[in-house]
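**Student:** build me a model:
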Amino acid sequence: MLTDLAAALPLAVIPLAHASEADVAPARDPVATVTVVTPIFGQLLVLSYPEGFQGAFSSATGSVSLQESVPVGETVDHWSQMITVTGARGLASDSHLTPQNFVQRMAAGFKKSCPDSFSTAALSDARIEGVETFGAVLSCGTAPATESSHSETALVIAIKGKQDYYTIQWAERGQVSASPMTVDAALWSARFKQLSPIRLCPIVAGEQAPYVSCVGKAPARSE
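**Tutor:** Next up is the predicted model:
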């Protein structure tokens, strides 16, 4: 069910995994980026990963695709930052679902994990040319169910494709806070720009990486 999927996504793609004290200090944001082209269900998703991140986990079922990347030297269980890409097959056919209420449902699940320290802010400039999108920052001052206390804040971008929905998320752990934290909109807007350009392209039958129909002759990494 749609509601069940939206409620489950924050738990699946913004992990609140066990962490050591070393995980709490955020890594410095890399400046250079690498363009990555990924076939996810009905389309190719293109985005720019900051250099210094590497793939750590991927999974694909009949309806959900999940890919997680962390800074080099970190893992899906011990990380300071994580970039996650998801795909939800067929959700774009639901005429009542928009990128904004998709993120709102995710936010509701996130808030349930930290009702006393939850905060959020919409990012009006988190837009992608040619597709319906919505971007927001979700924050838990105290992330639950972990061995060491820390906060967790994530930029969440929902994208409506031709048939499917996609999300791109950049999460960061930091110092714990018992109360809601102020969202630094400028910081997260800058991180959205680091992920750009983001776009969707059709999958051309028989075409292989580097997907020239989508990215031309520019160097790109496929996944």
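**Student:** which SSE is the most centrally placed residue in the chain in?
**Tutor:** The centroid of the chain falls nearest to Gln169 when counting by C-alpha atoms, centre = their mean (1.5 Å). Using DSSP states H and E, the secondary-structure element containing Gln169 is strand 165-174.
**Student:** what are the boundaries of the helices in this structure?
**Tutor:** 2-13, 99-113, 185-195, 212-215 (DSSP state H).
**Student:** least confident of the ones you listed, on average?
**Tutor:** Comparing mean pLDDT across those, the weakest is helix 2-13, with a mean of 35.
**Student:** just how off-centre is the strand holding Gln169 within its chain?
**Tutor:** Put simply, strand 165-174 sits 3 Å off its chain's centre (C-alpha atoms, centre = their mean, to the nearest Å).
**Student:** lowest average confidence, helix or strand, in this protein?
**Tutor:** Lowest on mean pLDDT, DSSP states H and E among the helices and strands of the chain sits helix 2-13, with a mean of 35.
**Student:** so where is the chain shaky, pLDDT-wise?
**Tutor:** The chain contains residues with pLDDT under 70 at 1-31, 145-148, 217-223.
**Student:** from what I see, Gln81 and Glu172 are in contact.
**Tutor:** Yes - between Gln81 and Glu172 there is a contact under C-beta atoms under 8 Å: 4.9 Å. For every residue, glycine as well, the C-beta is placed using N, CA and C.
**Student:** contact partners for Ala185?
**Tutor:** 121, 123, 137 (C-beta atoms under 8 Å, 6 or more residues apart in numbering).
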